[in-house]
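[1] Here you go, sequence then predicted model.
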Amino acid sequence: MELNLSGKTAVITGATGDLGRIMAATLARCGANIVIHYNSNEAKAKELQAQIYEHGVQAMIVRADVTSQEQVSAMKTAIDKELGHVDIVVANAVIQYEWTSVLEQPATDYVSQFESCVMQSVYLAKAFIPAMIERGVGRMIGINTECAMQNFPGQSAYTAGKRGMDGVYRVLAKEVGEHQITVNQIAPGWTISDRDRAAGSEENEGYSKNVPLKRRGTDQEIANAVAFLASDLASFITGAYIPVNGGNVMPAI
């Protein structure tokens with residue numbers, strides 16, 4: 001049994017971010033050609049492209065505002081010209097903002113989370129899924145969050161956006177399943193990234209004590225789950241919201 005993505009092309013939005021970089025490198029190690037999407041950090045995109053090339057696959061850089069349907073459509077057109085059809089779409093990009101209470105959170109933050117969680121997913125689906133339907137296969141993977149189940153104080157805008165995203169993915173899974181297209185979500189916990197490693201902040205007892213596995217997960221563990229869902233090994237999994245957080249949240253049946 002092998003996790004082999006050779007000959008596949010994967011688009012990863014927010015690929016220059018802490019988790020996105022590891023997802024891109026992991027899918028490349030599995031043999032996939034990678035589309036590195038970024039919005040503002042071109043230097044990091046070029047650095048990642050050089051790393052991807054080391055795995056003997058193709059790597060294309062595209063810039064787009066994923067909250068704009070026009071720019072997502074233009075991104076798709078550019079990819080078609082350079083790499084051909086897309087097999088795997090990973091919706092990872094999200095707008096960052098300062099968290100506070102519902103009463104103090106600016107209304108614009110709720111709008112930005114809706115646009116970057118819900119509308120990004122809708123625009124990506126509209127751009128890439130029609131061609132997947134024609135081929136009778138495809139993978140769409142959304143990066144959600146454990147916060148969508150926690151609903152802790154201060155999380156309202158982020159949670160609202162991600163719960164809206166969850167609704168889109170569950171409905172989409174039912175709408176395109178007959179075409180052998182799977183639509184799933186990964187829900188990371190508070191994940192260790194290179195930023196934590198550089199700062200020496202990997203450990204947080206206050207968080208880890210409530211996690212059944214008694215630790216924070218790593219960026220690589222999130223990327224491993226993405227690679228699995230992108231592969232043929234997950235061909236009969238769709239409509240799933242899969243926490244990758246050591247059991248910190250557990251969906252009920």
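    It's in.

[2] What is the subsequent helix or strand relative to the one helix or strand Gly20 maps to?
    Using DSSP states H and E, Gly20 falls within helix 18-29. Using DSSP H and E, the helix or strand that follows helix 18-29 in sequence is strand 33-38.

[3] what lines up beside that following strand in the sheet?
    According to DSSP bridges, strand 33-38 forms sheet pairs with strand 9-12 (parallel), strand 59-63 (parallel).

[4] if we look at that strand, which residues are touching it?
    Residues outside strand 33-38 that contact it (Cβ atoms under 8 Å, 6 or more residues apart in numbering) are 8-16, 24, 27-28, 44-45, 48-49, 52, 57-64, 66, 75, 79, 83, 86, 93. In this view, the C-beta of every residue, glycine as well, is placed from N, C-alpha and C.

[5] For the helix holding Gly20, list the C-alpha coordinates in PDB.
    C-alpha atoms of helix 18-29 as PDB (Å, rounded to 0.1, in the frame of the first residue of the first chain):
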ATOM      1  CA  ASP A  18       3.000  28.100   8.400                       C
ATOM      2  CA  LEU A  19       0.800  25.100   7.600                       C
ATOM      3  CA  GLY A  20       0.600  25.700   3.900                       C
ATOM      4  CA  ARG A  21       4.400  25.300   3.300                       C
ATOM      5  CA  ILE A  22       4.500  21.900   5.000                       C
ATOM      6  CA  MET A  23       1.400  20.700   3.100                       C
ATOM      7  CA  ALA A  24       3.000  21.800  -0.200                       C
ATOM      8  CA  ALA A  25       6.300  20.000   0.600                       C
ATOM      9  CA  THR A  26       4.500  16.900   1.800                       C
ATOM     10  CA  LEU A  27       2.300  16.500  -1.300                       C
ATOM     11  CA  ALA A  28       5.400  17.100  -3.500                       C
ATOM     12  CA  ARG A  29       7.200  14.300  -1.700                       C
END
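
[6] contact partners of it?
    5, 10, 12-15, 34, 36, 44, 48, 51-52, 55, 57, 59, 88, 90, 92-93, 143, 188, 191, 193-195, 219-220, 222-224, 226-227, 230.

[7] now the strands for the stretch 51-200 of the chain?
    Secondary structure of the stretch 51-200 of the chain (DSSP state E, counting those that start in this stretch): strands at 59-63, 88-91, 138-143, 181-188.

[8] Buried deepest among these, which one?
    Highest mean neighbour count of the strands of the stretch 51-200 of the chain: strand 88-91, a mean of 28 (counted as mean count of other Cβ atoms under 10 Å).

[9] Give me the sheet partners of that one and which way each runs.
    Here, using DSSP bridges, strand 88-91 pairs with strand 9-12 (parallel), strand 138-143 (parallel).

[10] What average pLDDT does it get?
    Here strand 88-91 scores 98 as its mean pLDDT.

[11] which outside residues touch that strand?
    Contacts to strand 88-91, defined as Cβ under 8 Å, 6+ apart, come from residues 5, 8-13, 23, 27, 32, 66, 120-121, 124, 128, 138-143, 165, 226, 230.

[12] let's go with 6 Å and repeat that
    Strand 88-91 is contacted from outside by 8, 10-13, 120-121, 124, 128, 139-142, 230, using Cβ atoms under 6 Å, 6 or more residues apart in numbering.

[13] Kindly report the same for stretch 154-163.
    Against stretch 154-163 from outside (Cβ under 6 Å, 6+ apart): 99, 102, 105, 109-110, 113-114, 117, 144-145, 147-148, 151.

[14] Mind giving me the PyMOL select for the residues you listed, buried ones only?
    Of those, the buried ones go into a single PyMOL selection, burial set by 16 or more other Cβ atoms under 10 Å:
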select buried, resi 99+105+109+110+113+114+117+144+145+147+148
